[in-house]
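> Starting from these lines, generate the structure:
(chains A and B)
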Amino acid sequence: MSYLDAVRLHFAGRFQSDPATVNNDVRHFNNATFKPEYQEPRVPGGDFNGWWNPEGSGSFRLVGCKVTRVCYGDGSSATTKQADPVVGMWVADANERVAGKHVDLDPQQQLVSELWGLMVRLSDGERDCFSGRYHVAAFSDIWWARTKNLGPYKGDAGASCFYQSVIGPVDWGSLPDSRFLRELSRAAPQGLLSIRFVMDGYNSNAALPDMTMGRLVGTIGPYEHHEPRHFVAGRHLLSRVANNVPVSALNFMPAVVDSRRDVVVADFGNSLPVQTVRGPFADVGDVEVGYLEADGSFHSLGAADYRTPGWYESTAGIQSFPKDRPLTRQERHAVEHSRLAVAVAGQVVLKENEGGVHLRADTFVHRLDPGDTARVELYATRYGKPYPGATVVAWHDSSGLQPGVGPGPLGPAPAFGTPVEALTFDECIHTDHDGRATLELHASNPGSPRGYIDGQVYGVRYLLKEVARLFTNGTPPDFGYDPADFLSVLVWDAFPMPALPSWHEHLQPIFQQYANVYPLMGRIVNLASYDDLVRHTQLLAFAFGLPREDPNHMPATRALSNGKRRAILEWLRNPGPDGKPRLGTPVPRPAAEPQATALAPPESSTSASPEESKTLISKQRRLISLPPRLIQRVLSE
Amino acid sequence: MLYIRKPRLDTLDDLRTCLQKAIELEHATIPPYLTALYSIREGALPEIAALLRGIVVQEMLHMCLAANVLNAIGGHPVLNAPAFLPQYPGPLPMGIGNEPGRSFIVHLRRLSLELIEDTFMVIEEPETPLDFPVAALAALPEYRTVGQFYASLKDKIEELGPRIFTGRRDRQVTGWFARDELFAVTDVASAKRALDLIVAQGEGSRTSPLSPEGQPAHYYRFAEILHGRRLVRDASVPEGYSYSGEPIPFDAAGVLPMGDDPGAQAYPTDSEAWRLAERFDATYSSLLNALHLTFNGEPGMLNPAMGLMFSLRVQVAQLMATPVPGAGFNAGPRFRYTRVPSDA
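Numbers count the residues shown, from 1 in each chain, chains lettered A, B, ... in the order given. Prediction:
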């Protein structure tokens, strides 16, 4: 039953994310126009240069995260280490390999950053109770408006988002005498655990303490094999939406009905606004979980304890309703057949869709080479139960993408999402008897539409027919869908393997670009220098040969097609007659220009923006639009 | 010249204990050498950086070779314990002294010619009959030079013979180094070859300053830095070699202003210097954890260990560029081992 199972632990602490930011502006990928100052930090109030952290390593770390509470199968919990030794233990990342990496999909899709190569372990400071690989996942449901008062902070620090994934299979090892670990290992016999954490208060301002750090709370419970890995198979409480962002007092949130314990478990972790950056929750009045009666009135099952000091850290925002008793038979029947809702100060602000329908893709970020197919698993539910025979429509929709440019006179950004023919899929599919459907995304060669940067980035949106019908003239309703529910896909250009790859003919532009946008690597090897690369062939063949999931994989940005990677490995492993990777002969290289450029420059390009990176990037998104042919289709079905 | 207290070396268990000490000894010089190397500004003093890097890499090799020998005779190398790392400043393992009975205190300092002469060349000074009359050592039977220590290990291996080679073959670690440098130890001959290589690369032979591969032994490479010239064959002098080759310029401006012995200082908690020093310690601890696993049944962990080495390089550059608040100098690495996850 995922991290919302009765058996779960909560933890709280901080995180560090140290992204390299030269690649935040897509135009920095243009080798022909790259300037050394793009590797310099941004000047406060002035030039953006390489943005705020050009020498970032890409590392992501869990910092000082400790277990605050363990919850047992019978609904009881412990908050002291006397009661259960797991309380106070660390939830930490790797201590025998390098940190995981925080990676954008593309400069033109920076709002679904993934974690690669992260390990998660539970440690008492001496031994690990468990340790496992965090399955690659992207953040979702970024909520820009979470923080009421930013104080000295800016943009990104006010935002919040969540990561949900699976860790393991973990090795249970020799466990200390803990009731919690006994229950958890019994509930997860395969060793697979469900983890979700919420991050907010991220500081990207060097003038303030804790640059590159933020607040994190999280929950770990058992994972069951039939569940989605990256969202809750349960009930989804939706906010109203305007201009692609939630506009209710609370953000989108999940809940489940725990039929064994007869309670509704609701997760407010990424849903309640906070007063100040990393501060306490804003007091918005009573926040109640309940359901909607047939006449639309709200039946409360109880109020969240969010105003209790320390509640967020000790629960990660998760609470059961009703609090002190099981659901009555009548309530149980009601929550299984009517819409769950959340009311703030007596007003319903979040509720399930009409009919309790919900659809979500499990893995929503994909990297494809030409010829690859991504199989995207979609889960449709009604009141949390599988929805068989549901009609799903999907279409090219780049509203979740961004031009990926900062202010400054670097010219327009390349257009994204074209040609559409390079990413094809069925526009209409149906769920099976388990309420599941597989959307196959087929990639072919986009043909360098962006010129200086490899491949093309696409957005694909999907909706249940019931929701698509609410669109008016192609524009979305203000309720019924989550703008975060869409697919982001990077399709790389074809790169046929040369018979004898050489530096000048094939590899120099690739390495030059990497040296430009990832300057930190220059401390180890100058990627723009043939001679220096030759001195490090063993190291490079090792790092480029590692699986993409490995934390030491090169490039750390995971921004290299398999075609190019194969050519690099061939070049490194099969040297020329002089024993060195082949140098080749210099070739004139015309500047690679995009085939088309984005129509309008971003609104913020006129002056230095006070915003920070993700905030700035987010403002460059556009609105969702449903094509007329699909409107016809859903109306006729 | 360094002396160690003569260890007990009677039984197979004694031999294992001594090889564990050898691993610790080979490791103990890495933090001071690395600190000096790391203190060189990016791109500055390329010749000296290359010399230091070469020496550090060989110390790492020696540590690996000693661990292979220990594994070959059924021992279990331990690299992930707090006591594995010396405290800096502090004595080297095994009561090492520059005079018998007197501890030799090693500091973590930025590169300087004084550091090369007063510390590194003392650590690596070879044992030669001329320097160390037999009579003087005979008067102090409880002390041994490092070269004698390794010779005594070889003698004991020979004496105990093939029957002690009970270690699992799949615990032998190879890779990353040349095949004739890091090789599997499976019998008396390969064990002796491993220990010979450690001594030869470190000290050179008694007749030549060069190791078998023709490179100057560590002492002479440090002397090259001190004298500012390569050591080359020179028929005009009776010794046959002189420091008269290509220049190896030293310029203090090429060195970052790291304060001495970062571990002995308390960087203000929550300062950037503290945070980066904590992170460095965490990464170094991870490296020792990875190496421990490498030599305890998971030889593939050498790859993650290499990844951590490069991660250290990147982290330390940031650390050493960071001023310590109010101190007038920059922060540096502390080389502390901890299993407790960092709060930084």
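
> drop to CA atoms for contacts and neighbour counts, all remaining ones
Noted.

> does B:Ser236 belong to a helix or a strand, and which?
Using DSSP states H and E, B:Ser236 is not contained in any helix or strand.

> Quick check: pLDDT value at it.
Per-residue pLDDT puts B:Ser236 at 89.

> Against chain A, how distant is it?
B:Ser236 sits 36 Å away from chain A, going by C-alpha to the nearest C-alpha, to the nearest Å.

> And chain A, is stretch B:274-285 touching that?
Yes. Judged by C-alpha under 8 Å from any C-alpha of the partner chain, stretch B:274-285 and chain A are in contact via B:Ala282, B:Thr283, B:Ser285.

> right, I mislabeled it, should have said stretch B:313-326
Yes. Counting by C-alpha under 8 Å from any C-alpha, chain A is contacted by stretch B:313-326 at B:Arg313, B:Val314.

> That stretch spans what distance, first to last residue?
With C-alpha to C-alpha, to the nearest Å applied, stretch B:313-326 spans 26 Å between its terminal residues.

> May I see the buried residues of that stretch?
By neighbour count on 16 or more other C-alpha atoms under 10 Å in any protein chain shown, the buried set for stretch B:313-326 is B:Arg313, B:Val314, B:Gln315, B:Val316, B:Ala317, B:Gln318, B:Leu319, B:Met320, B:Ala321, B:Thr322, B:Pro323, B:Val324.

> do the same with stretch B:96-107
Going by neighbour count (16+ other C-alpha under 10 Å), the buried part of stretch B:96-107 is B:Ile96, B:Gly97, B:Asn98, B:Pro100, B:Ser103, B:Phe104, B:Val106, B:His107.

> Output those residues as TSV; include the columns secondary structure and pLDDT.
Shown next, in TSV, are those (DSSP: H, G, I helix; E, B strand; the rest coil; pLDDT from 0 to 100):
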residue	secondary structure	pLDDT
B:Ile96	coil	83
B:Gly97	strand	81
B:Asn98	strand	77
B:Pro100	coil	75
B:Ser103	strand	83
B:Phe104	coil	90
B:Val106	strand	95
B:His107	coil	96
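
> Tell me how many other residues crowd the closest residue to chain A within the stretch 1-150 of chain B.
Residue nearest to chain A within the stretch 1-150 of chain B: B:Glu42 (7.4 Å; C-alpha to the nearest C-alpha). Per other C-alpha atoms under 10 Å in any protein chain shown, the neighbour tally for B:Glu42 reads 15.

> got the contact list for B:Pro162?
Contacts for B:Pro162 (C-alpha atoms under 8 Å, 6 or more residues apart in numbering or on different chains) come out as B:Asp187, B:Val188.

> Show me which residues of the stretch 101-250 of chain B are close to chain A?
Residues of the stretch 101-250 of chain B lying near chain A by C-alpha under 8 Å from any C-alpha: B:Trp176.

> Any idea which residue of the stretch 101-250 of chain B lies closest to chain A?
B:Trp176 (7.9 Å).

> For that residue, report the pLDDT, please.
93.

> Around the closest residue to chain B within the stretch 401-550 of chain A, how many other residues sit close by?
Per C-alpha to the nearest C-alpha, A:Arg523 is where the stretch 401-550 of chain A lies closest to chain B, at 6.4 Å. A:Arg523 is flanked by 14 other residues according to other C-alpha under 10 Å.

> Also A:Arg450?
Neighbours around A:Arg450, by other C-alpha under 10 Å: 24.

> what's the next secondary structure element after the lowest-mean-pLDDT helix or strand in chain A?
Least confident helix or strand of chain A, by mean pLDDT, DSSP states H and E, is helix A:613-618 with a mean of 72. Downstream of helix A:613-618, the next assigned helix or strand under DSSP H and E is helix A:628-636.

> Which strands and helices lie in contact with that following helix?
Helix A:628-636 sits against helix A:465-468, with contacts defined as 3 or more C-alpha pairs under 8 Å, 6 or more residues apart in numbering or on different chains; DSSP states H and E.

> Which residues of the stretch 51-200 of chain A lie near chain B?
By the rule C-alpha under 8 Å from any C-alpha, the part of the stretch 51-200 of chain A lying against chain B is A:Val63, A:Gly64, A:Trp90, A:Ala92, A:Ala94, A:Asn95, A:Glu96, A:Arg97, A:Val98, A:Asp124, A:Gly125, A:Glu126.

> Contact partners for the third one?
Okay, so that is A:Trp90. Residues near A:Trp90 by C-alpha under 8 Å, 6+ apart: A:Gly64, A:Cys65, A:Lys66, A:Val67, A:Arg121, A:Leu122, A:Ser123, A:Asp124, A:Gly125, B:Pro341.

> ok, back up a step: could you dump the residues of stretch B:274-285 next to chain A to CSV with secondary structure and neighbour count?
Formatted as CSV, the residues of stretch B:274-285 next to chain A follow (DSSP: H, G, I helix; E, B strand; the rest coil; neighbours: other C-alpha atoms under 10 Å in any protein chain shown):
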residue, secondary structure, neighbour count
B:Ala282, helix, 25
B:Thr283, helix, 27
B:Ser285, helix, 26
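
> Output these as TSV; include the columns pLDDT.
Output for the residues of stretch B:274-285 next to chain A, formatted as TSV (pLDDT from 0 to 100):
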residue	pLDDT
B:Ala282	96
B:Thr283	97
B:Ser285	97
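
> any idea which helix or strand of chain B has the worst average confidence?
Ranking every helix and strand in chain B by mean pLDDT, DSSP H and E puts helix B:134-138 at the bottom, with a mean of 39.

> Grab the most central residue of chain A for me.
In chain A, the centroid-proximal residue (C-alpha atoms, centre = their mean) is A:Phe139; its distance is 1.8 Å.

> can I get the CA coordinates of whichever strand or helix holds A:Gly64 in CSV?
Assigned by DSSP H and E, A:Gly64 falls within strand A:59-71. Provided in CSV are the C-alpha atoms of strand A:59-71 (Å, rounded to 0.1, in the frame of the first residue of the first chain):
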residue,chain,number,x,y,z
SER,A,59,25.2,16.0,-6.5
PHE,A,60,22.1,15.4,-4.4
ARG,A,61,22.4,14.5,-0.7
LEU,A,62,20.2,13.8,2.2
VAL,A,63,21.6,15.9,5.1
GLY,A,64,20.9,15.3,8.7
CYS,A,65,17.6,13.5,8.0
LYS,A,66,16.4,11.6,11.1
VAL,A,67,13.5,9.3,11.8
THR,A,68,10.9,11.3,13.8
ARG,A,69,8.2,8.7,14.1
VAL,A,70,7.5,5.1,13.4
CYS,A,71,3.9,3.9,12.8
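
> From the contact counts, what lies against whichever helix or strand comes after it?
Downstream of strand A:59-71, the next assigned helix or strand under DSSP H and E is strand A:77-78. With contacts defined as 3+ C-alpha pairs under 8 Å, 6+ apart, strand A:77-78 has these neighbours: strand A:59-71.
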